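Q: Here is a sequence together with a model predicted from it:
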Amino acid sequence: MLFEHAKMLKALAAVGEIVGRKKLQKMIYIAKKMNFPFYEKFDFHFYGPYSEELTLRMEELCNVGFVQEMREKKGGYYQYRYALTEAGEQFLTHYNLDMPDLDVCLRSLNEQSARFLELVSTILYFEDLSKDEVKEKVFTLKSKQRYTEEEIEEAYLYIEQLREQAYVKS
Amino acid sequence: MYPNEKLSEEKVFKDPVHRYVHVRDKVIWDLIGTKEFQRLRRIKQLGTTYLTFHGAEHSRFNHSLGVYEIVRRIVDDVFAGRADWDENERLLCLCAALLHDLGHGPFSHSFEKVFHLDHEQFTRAIILGDTEVNAVLRRVSSDFPKKVAEVIAKTYENKLVVSLISSQIDADRMDYLLRDAYYTGVSYGHFDMERILRVMRPREEQVVIKRSGMHAVEDYIMSRYQMYWQVYFHPVTRSAEVILTKILHRAKHLYLTGYTFQTPPVHFQSLFHGHAQLEDYLKLDEAVTLFYFQQWQEERDAILSDLCRRFMNRNLFKYVEFQPTNEEMKKLMELTTLFKKAGIDPDYYLVVDSSSDLPYDFYRPGEEEERLPIYLLMPSGELRELSRESTIVDAISGKRRTDHKLYFPKDFLDDLSTKRNVKKKIKQLLYE
């Protein structure tokens, strides 16, 4: 019961703090694509894969005081920071959620920029397509982000590393 | 040429929401006649809601026709001839609107949760696979099925086309809000769709709304908010959904542990094994599902038969409000132990249900622009996000209400012929 909420808290506990809603969304999506047990449903939106379910779950966790959401003005928009509260930590003790591989994966993801994670998650969303088709998707659907060929190659390499990590440790 | 072929006479479907659904295009008429589209007649739009609002028996077939009709009115009556609108995208819009829900299964939401399915993947599989729908679309052009699938998946390059079918003010939502309000019989949920359609304008990336139409859009946002709490999130509907989910879990568990069913779950086998095949999936509609539930009322397994009787006879779980604070969580642990002592399996009979378990959403102004917000087209030509202009929308899209409930079978607890003291203690904890 409330297991999916607990997993979200576990993700926050692993990284300490996540800056930005976009980053949070992409981190969970990428972890899901690495076969970690996240079951939120993602659709393709303006900035890549996005889950309304995940947004609502975070709101629930904030409303009940397990997650602290801090809003700060950044340029023309607001940015949100998420961190686990003491009550959230206590809540986690009700669950046996030992997933060291997930911690490693999420920490790595949290070190990346939101822009890069947006690219990685978009590539993963279209992973059934050929590399050339994926590139075309990135260039047309994400034209405003102006991703370069080099960044796309870097993203592919990063995905490979994540997969190796997840594979070796599982 | 097939893409432009018109029927010799316009066909109309009588519709209680839009009065008439008009069809002139041969492609649309042929798609409606395919077996995959006809299957939607056997899948209710609102799943278990009919157990709360008895009128809510309408199907995804009705809704799909409704979405098609709204898009048809937009592209033919409002967008035609305007700058930023490419007439070549007309048929694509109509087909995507008609087919957007094609992959929904029976009681979609519960099935998706239990078996980790995604109806959008099935929509794609039907459109691109060896199906009657695919055969019709391919007659338009070889790449047309792919384009339709991309619009529905929101990955088509022309974002204006995508936004007609899927955005925060799209034909899908407008139809389901009006249709669900009509069939449930509730008085909220209504808004002036004609007015909204008249003030929609195509822009490069999405549909925007003329500033003069703001009040009609406010009404639409309010309707969405009220329908969410009054209909979609109704606690009795959620109770039925909880039981349905538990039936599926129980049947899967029994199947995988070698239980011998009196009525074996033939249609569920590939789902239970975690590799649902399209062919099997298309055979599984609500009539088939309810047949099994009807039969399983007689199964020897006490939990499966009890849950099926509850669902079929509407003997649903009761609920108490539940805030998952640490104090309440301790109480929940204690309740779990007491349920076991009382011989009531908490895995099936003590369930927390949260607002995030539902597939509906509120309007979000779009901080960090994750979701494209609704834009108003000001007289100056500037675009402004709706909640910055409307105090009503600003008020309801601020801090959002969330909700959790704890469901349990009250009738089991009221039966004090066994485990009297434990049950009394449970009730005390639940209602204190």
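A: Great, that's in hand. All figures in this text were calculated on a predicted structure; none of them were measured in a lab.
Q: For the closest residue to chain A within the stretch 201-350 of chain B, give me its contacts.
A: Relative to chain A, the nearest point of the stretch 201-350 of chain B is B:N326 (4.9 Å; CB to the nearest CB). Every C-beta, even on glycine, is put in place using the N, C-alpha and C of the backbone. B:N326 makes contacts with A:A87, A:Q90, A:F91, as judged by CB atoms under 8 Å, 6 or more residues apart in numbering or on different chains.
Q: Which of the residues you listed ranks first by neighbour count?
A: A:F91 (23 neighbours; other CB atoms under 10 Å in any protein chain shown).
Q: What sits closest to it if chain neighbours are left out?
A: A:F66 (5.4 Å; CB to CB, 6 or more residues apart in numbering or on different chains).
Q: and A:E17, what is it in contact with?
A: A:R81, A:Y82, A:A83 are the contacts of A:E17 under CB under 8 Å, 6+ apart.
Q: Count the neighbours of residue 58 for me.
A: You didn't pick a chain, so chain A it is. Neighbour count for A:M58, taken as other CB under 10 Å: 26.
Q: That was the other one, I meant chain B.
A: Neighbourhood size, B:H58 [other CB under 10 Å]: 22.
Q: Please verify my assumption that it contacts B:G185.
A: No - using CB atoms under 8 Å, B:H58 is not in contact with B:G185, being 11.6 Å away.
Q: Give the burial count for the residue nearest to A:F91, as a bare number.
A: For A:F66, using other CB under 10 Å, the count is 26.
Q: got it, and A:Q161?
A: A:Q161: 11 surrounding residues under other CB under 10 Å.
Q: Ok, A:N110 next?
A: A:N110: 18 surrounding residues under other CB under 10 Å.
Q: could you list every residue that touches the closest residue to it other than its chain neighbours?
A: Nearest residue to A:N110, sequence neighbours excluded (CB to CB, 6+ apart): A:V15, at 4.3 Å. Contact analysis of A:V15 by CB under 8 Å, 6+ apart lists A:L106, A:R107, A:N110.
Q: With A:S51 instead?
A: A:S51 makes contact with A:Q25, A:I28, A:Y29, A:E40, A:K41, A:F42, A:D43, according to CB under 8 Å, 6+ apart.
Q: Apart from its chain neighbours, what residue comes closest to the most centrally placed residue in chain A?
A: The centre of chain A sits closest to A:M27, judged by CA atoms, centre = their mean, with a distance of 1.3 Å. Distances taken as CB to CB, 6+ apart place A:L109 nearest to A:M27, at 4.5 Å, with adjacent residues excluded.
Q: Following the chain onward from whichever strand or helix holds the one you found, which element is next?
A: Assigned by DSSP states H and E, A:L109 belongs to helix A:100-110. Per DSSP H and E, the first helix or strand lying C-terminal to helix A:100-110 is helix A:114-125.
Q: Quick check: mean pLDDT of that following helix?
A: In this model, helix A:114-125 has an average pLDDT of 96.
Q: what's stretch B:165-177 in contact with?
A: Contacts of stretch B:165-177 (CB under 8 Å, 6+ apart): B:17, B:45, B:63, B:66-67, B:69-71, B:74, B:93, B:96-97, B:100, B:151-152, B:154, B:163-164, B:189, B:191, B:193, B:196, B:206-207, B:209, B:217, B:220, B:223-224, B:227, B:363-364, B:371-374.
Q: swap the cut-off to 6 Å and go again
A: For stretch B:165-177, the surrounding residues in contact (CB atoms under 6 Å, 6 or more residues apart in numbering or on different chains) are B:63, B:66-67, B:70-71, B:96-97, B:100, B:154, B:189, B:193, B:223, B:227, B:363, B:374.
Q: How about the backbone phi and psi for the closest residue to B:K419 other than its chain neighbours?
A: Nearest in space to B:K419, with sequence neighbours left out and distances taken as CB to CB, 6+ apart, is B:A342 at 4.5 Å. Dihedral pair for B:A342: phi -80, psi 0, per degrees, to the nearest 10.
Q: nearest residue to B:E132 other than its sequence neighbours?
A: Excluding its sequence neighbours, the residue lying closest to B:E132 (CB to CB, 6+ apart) is B:T34, at 3.8 Å.
Q: For burial, what's the neighbour tally of the one you found?
A: The number of residues packed near B:T34 is 19, by other CB under 10 Å.
Q: quick one: low-confidence ranges for the chain?
A: No chain was given, so I picked chain A. A:167-170 (pLDDT under 70).
Q: wait, chain B
A: For chain B, the ranges with pLDDT under 70 are B:359-360, B:366-370, B:398-399.
Q: Can you convert the contacts of A:V15 into TSV and add a column each for distance to B:H22?
A: Converted to TSV, these look like this (distance: CB to CB, whole Å):
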residue	distance to B:H22
A:L106	52
A:R107	57
A:N110	53
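Q: Identify, from the residues you listed, the entry nearest to B:Q428.
A: Within those, distances to B:Q428 taken as CB to CB reach their minimum at A:L106, with 41.7 Å.
Q: That closest one: neighbouring residues, count only.
A: 24.
Q: try the one 10 residues further on
A: Residue crowding around A:F116 was assessed by other CB under 10 Å; the count is 18.
Q: again, but for B:E205
A: Residues near B:E205, counting by other CB under 10 Å, number 16.
Q: and if you look at the one 3 residues further on?
A: Look at B:V208: counted by other CB under 10 Å, it has 22 neighbours.
Q: what about it, distance to B:V186?
A: Distance, B:V208 to B:V186, using CB to CB, to the nearest Å: 30 Å.
Q: ok, which stretches of the chain are strands?
A: Since no chain was named, I'll use chain A. A:17-19, A:43-45, A:48-50, A:67-74, A:77-84 (DSSP state E).
Q: looking at chain B here, not the other one
A: For chain B, the strands defined by DSSP E occupy B:6-15, B:19-25, B:200-202, B:207-210, B:318-321, B:351-354, B:375-377, B:383-385, B:404-408.
Q: Is the residue nearest to B:K419 in contact with B:R420, as I believe?
A: No - counting by CB atoms under 6 Å, B:A342 sits too far from B:R420 to count as a contact (9.6 Å).
Q: Neighbour count for these two, which is higher?
A: Between B:A342 and B:R420, B:A342 has the larger neighbour count (other CB under 10 Å), namely 20 against 11.
Q: hang on, the earlier thing: need the contacts of B:N326 in TSV (columns: distance to A:E52).
A: Compiled in TSV, those are given as follows (distance: CB to CB, whole Å):
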residue	distance to A:E52
A:A87	25
A:Q90	28
A:F91	23
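Q: Please identify which of those is nearest to chain B.
A: Nearest to chain B, judged by CB to the nearest CB, of these is A:Q90 at 4.9 Å.
Q: Next up, the contacts around that closest one.
A: By CB under 6 Å, 6+ apart, A:Q90 lies in contact with B:N326.
Q: can you tell me how far it sits from B:T402?
A: Taken as CB to CB, the span from A:Q90 to B:T402 is 20 Å.
Q: before we move on, what about A:L92?
A: 19 Å.
Q: and what of B:Y2?
A: According to CB to CB, B:Y2 stands 50 Å off from B:T402.
Q: Neighbour count for these two, which is higher?
A: Ranked by neighbour count (other CB under 10 Å), B:Y2 and B:T402 place B:T402 first, with 18 against 12.
Q: Pull the number of nearby residues for residue 41.
A: Using chain A. Neighbourhood size, A:K41 [other CB under 10 Å]: 18.
Q: meant chain B actually
A: Quick note: B:R41 (other CB under 10 Å) scores 14 neighbours.
Q: Quick check: chain neighbours aside, which residue is closest to it?
A: Once flanking residues are discounted, B:R41 sits nearest to B:F61: 4.3 Å by CB to CB, 6+ apart.
Q: Tell me, how many residues neighbour the one you found?
A: Neighbours of B:F61 (other CB under 10 Å): 20.
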